[in-house]
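Colleague: Provided below for reference: sequence and predicted model.
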Amino acid sequence: MEAIIATITAIVALPIFFVIAFFYWIPILFILFSGKVTMAEKIAWILLTFFVSWFAWIFFLLLAPIKPKRSEY
């Protein structure tokens, strides 16, 4: 009986874990593939998002880029 309960728990908990993990990584992937900032700024934003969570991603959407891009002639 305990084996059946453990199996059912694993079947239910594993998809829930993957959904939560997917939503956790969305902001990081969004920043990684963004063309708004340079690579150094991406690393800073990703670290900030990783440690501070979604609030940093909201700030990224509102504030990035930190410095205006230099126009290339």
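Modeller: Great, that's in hand.

Colleague: Out of the helices and strands in the chain, which is least certain?
Modeller: Every helix and strand in the chain was compared by mean pLDDT, DSSP states H and E; the lowest is helix 54-63, with a mean of 79.

Colleague: give me the element I43 is part of.
Modeller: helix 39-52 (DSSP states H and E).

Colleague: For that helix, what is the distance to the chain centroid?
Modeller: Remark: helix 39-52 is offset 10 Å from the chain centroid, using C-alpha atoms, centre = their mean, to the nearest Å.

Colleague: Can you point out the buried residues in whichever helix in the chain runs longest?
Modeller: Identified as the longest helix of the chain according to DSSP state H is helix 2-32. Under the neighbour-count criterion of 16 or more other C-beta atoms under 10 Å, helix 2-32 has 27-28, 31 buried. Any C-beta I mention is one placed from the backbone N, CA and C, and that applies to glycine too.

Colleague: Could you list every helix and strand in contact with that helix?
Modeller: When contacts are defined as 3 or more C-beta pairs under 8 Å, 6 or more residues apart in numbering; DSSP states H and E, helix 2-32 sits against helix 39-52, helix 54-63.

Colleague: Mind putting those helices into JSON lines with distance to M1?
Modeller: Output for the helices and strands packed on helix 2-32, formatted as JSON lines (distance: least, C-beta to C-beta, whole Å):
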{"stretch": "helix 39-52", "distance to M1": "41"}
{"stretch": "helix 54-63", "distance to M1": "41"}
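
Colleague: All good on my end, thank you.
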